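please work out how this folds:
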Amino acid sequence: MRADRLVATLLLMQSRGRVTAAELAGELEVSVATARRDLEALSAAGVPVYPQPGRGGGWSLVGGARTDLSGLTATEARALFLLVGPAASASPAVKSALRKLVRALPGTFRAEAEAAAAAVMVDPVRWGERDQERPEVVELLQTAVVRRLKIRLTYDGRARERTRRLVDPWGLVDKDDVWYLVAGTEKGQRTFRIDRIAEAVMTDLPFERPGGFELPQAWGRIVDEVERRRSLVSATVLVGAVHLRVLRDQFGRHCEAGETLDDGRVRVRLAAPTALDIARHLAGWGTLVEVVAPDGVRAELARIGAELTGRYGEEPGMTTVGKPAPGMTTPTCTDRC
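Have a look, this model is predicted:
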């Protein structure tokens, strides 16, 4: 990626005043010959760089010329790396360019830029939640992560009990449009759903992240634990191949397709925290899905069916559960199927 090297070269020359080909090669992880060719290419292209031979010489920008890109303010540099940081894990080339740009920034901006690049990651694998708008508090939390300042949270837990805590914001994760805060507390590392944060106030109290903490690795451990809890019970079901995509949308990664039978149905393994959770998801499918095992899920479905029959069995237009009255048509599958 020669373009990113040339940009990084200009930024280095501006921030340091003068560089040698050897210094440039060391910073950009290229050979001295490549660094020299890049400098000569800039000069040939009309960029005002020139060499000074001899002891103490090097390459400089004529008259201290500045590039627009290097005129970043501290706020702009932080915003840039908050944007680029999450994408850096997608491509080795992007990660390399990011490292070079960080080195080229003025020293006063470099620490915040590095912190901003590591403050947020994006995990695209869904857990089944619907799309949500980015909460307004994310920007404040990002600032706190980068500046290493403690946050006072007012938080609604799973049971909607409201608590107030002082936490160290270590990093943010966007998982399928649901945001999470990974933070240090007096009881150790905790994960907070940002849509449950009722209020967040950034303090002027500094904190230090634990040595060796890496957000991607920490999030990976969190995901593993959540997935373990979400897959304590599994069920084997049979479903028509045409409906498999909808079932996958419903169960996410906890839907594993197996063999296709002679009748066109697919054997699928589903998982959830409890048998009732699986039954609740499948109850609306009616006879489109057949539960082969376990008996616990079948029993929960039978119980749900009995409850529905008890409440709605006498509704006008229905003769028996699941069968339309004479003159009524059977509903057809939507385009989602």
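
break down the chain into its helices, ranges please.
Taking DSSP state H as the criterion, the chain carries its helices at 2-16, 21-28, 32-44, 74-84, 92-104, 107-117, 137-147, 215-230, 244-251, 275-283, 295-312.

low-confidence ranges, the stretch 151-300 of the chain, go.
Low-confidence segments of the stretch 151-300 of the chain (pLDDT under 70): 176.

can you rerun that using 50?
Counting by pLDDT under 50, not a single residue of the stretch 151-300 of the chain qualifies.

against residue 293, how distant is residue 168?
46 Å (Cβ to Cβ, to the nearest Å). Every residue, glycine included, has its C-beta placed from N, CA and C.

how about residue 255?
From residue 255 to residue 293 the distance is 16 Å (Cβ to Cβ).

least reliable of the helices of the chain by average pLDDT, please.
Lowest mean pLDDT of the helices of the chain: helix 74-84, a mean of 57.

okay, now the domains of this protein?
Domains of the chain are assigned by automatic domain parsing as 2-117, 121-228, 232-324.

could I get the helices of the chain as TSV with mean neighbour count and distance to residue 289?
Formatted as TSV, the helices of the chain follow (neighbours: other Cβ atoms under 10 Å; distance: least, Cβ to Cβ, whole Å):
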stretch	mean neighbour count	distance to residue 289
helix 2-16	18	51
helix 21-28	18	57
helix 32-44	16	60
helix 74-84	17	43
helix 92-104	17	43
helix 107-117	18	45
helix 137-147	19	38
helix 215-230	14	20
helix 244-251	16	7
helix 275-283	20	5
helix 295-312	14	9
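
closest one to residue 236 among the ones you listed?
Ranking those by proximity to residue 236 (Cβ to Cβ) places helix 295-312 first, at 9.2 Å.

the lengthiest strand in the chain vs helix 137-147, what angle?
Using DSSP state E, we find that the single longest strand of the chain is strand 162-175. Computed by axes from the mean of the first three to the mean of the last three Cα atoms, to 10 degrees, the angle separating strand 162-175 from helix 137-147 equals 80 degrees.

can you list the buried residues in strand 162-175?
The neighbour-count check on strand 162-175 (16 or more other Cβ atoms under 10 Å) flags 167, 168, 169, 170, 171, 172, 173, 174, 175 as buried.

report the contact partners of the second one.
Read it as residue 168. Residue 168 makes contacts with 150, 151, 183, 184, 185, 207, 209, as judged by Cβ atoms under 8 Å, 6 or more residues apart in numbering.

mind running it again at 6 Å?
150, 183, 184, 207 (Cβ atoms under 6 Å, 6 or more residues apart in numbering).

between the helices of the chain, which one is closest to residue 201.
Of all the helices of the chain, helix 137-147 comes closest under Cβ to Cβ, at 8.5 Å.

helices and strands around that closest one, which ones?
With contacts defined as 3 or more Cβ pairs under 6 Å, 6 or more residues apart in numbering; DSSP states H and E, the packing partners of helix 137-147 are helix 107-117, strand 162-175, strand 197-206.

closest to residue 263 out of the ones you listed?
strand 162-175 (37.4 Å).

report the angle between the closest one and strand 197-206.
90 degrees.

what strands flank strand 162-175, and is each parallel or antiparallel?
strand 120-123 (parallel), strand 149-156 (antiparallel), strand 178-185 (antiparallel) (DSSP bridges).

need those strands in a markdown table with distance to residue 241 and mean neighbour count, can you?
A markdown table is the format used below for the strands paired with strand 162-175 (distance: least, Cβ to Cβ, whole Å; neighbours: other Cβ atoms under 10 Å):
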| stretch | distance to residue 241 | mean neighbour count |
| --- | --- | --- |
| strand 120-123 | 29 | 19 |
| strand 149-156 | 42 | 18 |
| strand 178-185 | 30 | 20 |
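
with distance to residue 30 added, can I get those strands in TSV?
Putting the strands paired with strand 162-175 into TSV (distance: least, Cβ to Cβ, whole Å) gives the following:
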stretch	distance to residue 30
strand 120-123	28
strand 149-156	38
strand 178-185	36
